[in-house]
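*Asks:* Okay, predicted coordinates and the sequence, questions at the end:
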Amino acid sequence: MATVTQYDVVIMEDNVNPSNGNVYHNMVMGATPNPVMPNPDEIDEVFADRANQVLSAGVELARELVGAHQSAIAIVVQKDWSSVRKFFSLSPKYAAWADYRVPAKGFGIHNWMLEHNAPIRLTQAELDAHPAWKGFESEAGQHPPMRGWLAAPLIDRQGINWGLIQLSDKYEGDFNAEDERKFVDFAHLISMHLETLWELCTLQKAAARKADHPDEALA
C-alpha cells in the first residue's frame, strides 16, 4: 500500500474546478476541549491546525470528486456534538447561504448516522421517508435545502467512529453506486489522514512527558 502523507489531500485541492468553487465562509477553530483533548496544549494546537487543513481541503474535494453542490464534514469525538469540528463546501448555487451558521445539534438522521456507522445513499424521496429524518426543526426554511443524500462515516482502524462526511444535491440526477464507491474510498483516505495526525500528536505528547519527567521513564 502506498504511503499517505498528511499533506496529500491539501495538495490535491489544486485540481478543484474554480467555477464550482466553495462559496461558504468556514470559521476555522483552534484546539478546543473534547473527550480526548480535555485541556488543549501547544501540541494539540498543531494537531488542530493540520486537521483543519485536511478537513477544509477534503470537504471541497469530496464535492468535486462526485459532482455535487453541497458537502459537509464533521468530527464528532465520542459522539459529543458540543465539541463538533465541521467544514462545509457549497457551490455558487447556494451563495445565499455563504454565511449560514447554526451550531450542530446532532439530532435526527445525522445522529442516527453515527450509530449506523456505515455508508448510506438516498434519493430525496427516500430521505424524506427515512424514520430518522426530522427535517431541520427550528431551522426549516433557513437551512440550505437538500436533494438526496450520500454519507459515509469516518472510521479509524479499530472501527471507532469519529464523525461523518456527506454530500447533497448532485449536479445531474441522483447519486449512484459508482458515486458511492468513490465517495467511500475518499472517506477512508480522510480517515487515514486524521488518524495518522492523531497518532503523531499522541507520540509527541508522550515524548514531551518523558522530557519533562525523565526519572519516571527510568522507573
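*Replies:* That came through fine. Predicted model, so just to flag it, every value in this text is computed and none were measured. Residues are numbered from 1 along each chain as shown.
*Asks:* Paired strands for the strand ranked longest in the chain, with orientation please.
*Replies:* When the chain is parsed with DSSP state E, its longest strand is strand 161-170. Within its sheet, and counting by DSSP bridges, strand 161-170 is paired with strand 68-75 (antiparallel), strand 149-155 (antiparallel).
*Asks:* And those strands: which comes nearest A95?
*Replies:* Nearest of the strands paired with strand 161-170 to A95, taken as CB to CB: strand 68-75 at 10.8 Å. (Glycine included, C-beta is placed from N, CA and C.)
*Asks:* Can you name the next helix or strand after the longest strand of the chain?
*Replies:* helix 177-212 (DSSP states H and E).
*Asks:* helices or strands up against that next one?
*Replies:* helix 8-12, helix 42-66, strand 120-122, strand 149-155, strand 161-170, helix 214-218 (3 or more CB pairs under 8 Å, 6 or more residues apart in numbering; DSSP states H and E).
*Asks:* averaging pLDDT over each of these, which comes out lowest?
*Replies:* Comparing mean pLDDT across the helices and strands packed on helix 177-212, the lowest value falls on helix 8-12: a mean of 43.
*Asks:* The helices and strands packed on helix 177-212 into TSV, with extra columns for mean neighbour count and distance to N176?
*Replies:* TSV is the format used below for the helices and strands packed on helix 177-212 (neighbours: other CB atoms under 10 Å; distance: least, CB to CB, whole Å):
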stretch	mean neighbour count	distance to N176
helix 8-12	16	23
helix 42-66	20	10
strand 120-122	19	8
strand 149-155	23	9
strand 161-170	23	9
helix 214-218	8	55
